[in-house]
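> attaching a predicted model along with its sequence, questions to come.
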Amino acid sequence: MEKDALQQLEQQVDELLGASRRIREENMLLKSQQAAWLTERAQLVEKTDLARSRIETMVGRLKELDDEL
């Protein structure tokens, strides 16, 4: 009976090690995705700021043209 209990314990330890390995790999993947999303977000913020600046410049020029008329 003790032999069966020991084998069962060994199997449970093996399963826990496998689960731990899978969770570690998933965590690494999630961290990688998070880094990619943060980079993409920074790029989108930069593009948005550039677009806002260009629009503000165009609006200013349109106001100048309207004032000249």
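The structure has been received and is ready for your questions.

> distance check, Ser53 against Asp66.
20 Å (CB to CB, to the nearest Å). (Each C-beta comes from the backbone N, C-alpha and C, glycine too.)

> actually Val13, sorry about that
78 Å.

> now do Arg41
On the measure of CB to CB, Arg41 and Asp66 end up 37 Å apart.

> ok, Ile55 next?
16 Å.

> again with Ser32
For Ser32 relative to Asp66 (CB to CB), the value is 51 Å.

> likewise Glu15?
In terms of CB to CB, Glu15 sits 74 Å off from Asp66.

> the residue nearest in space to the middle of the chain: what secondary structure?
For the chain, the residue nearest the mean C-alpha position is Gln34 (2.3 Å; CA atoms, centre = their mean). Judged by DSSP: H, G, I helix; E, B strand; the rest coil, the three-state class of Gln34 is helix.

> who touches stretch 13-33?
Stretch 13-33 is contacted by no other residue when judged by CB atoms under 8 Å, 6 or more residues apart in numbering.

> what comes up buried for that stretch?
The neighbour-count check on stretch 13-33 (16 or more other CB atoms under 10 Å) flags nothing as buried.

> quick one, grab the pLDDT at Leu69.
We note a pLDDT of 76 for Leu69 in this prediction.

> what about it, neighbour count?
Leu69 has 4 neighbours, counted by other CB atoms under 10 Å.
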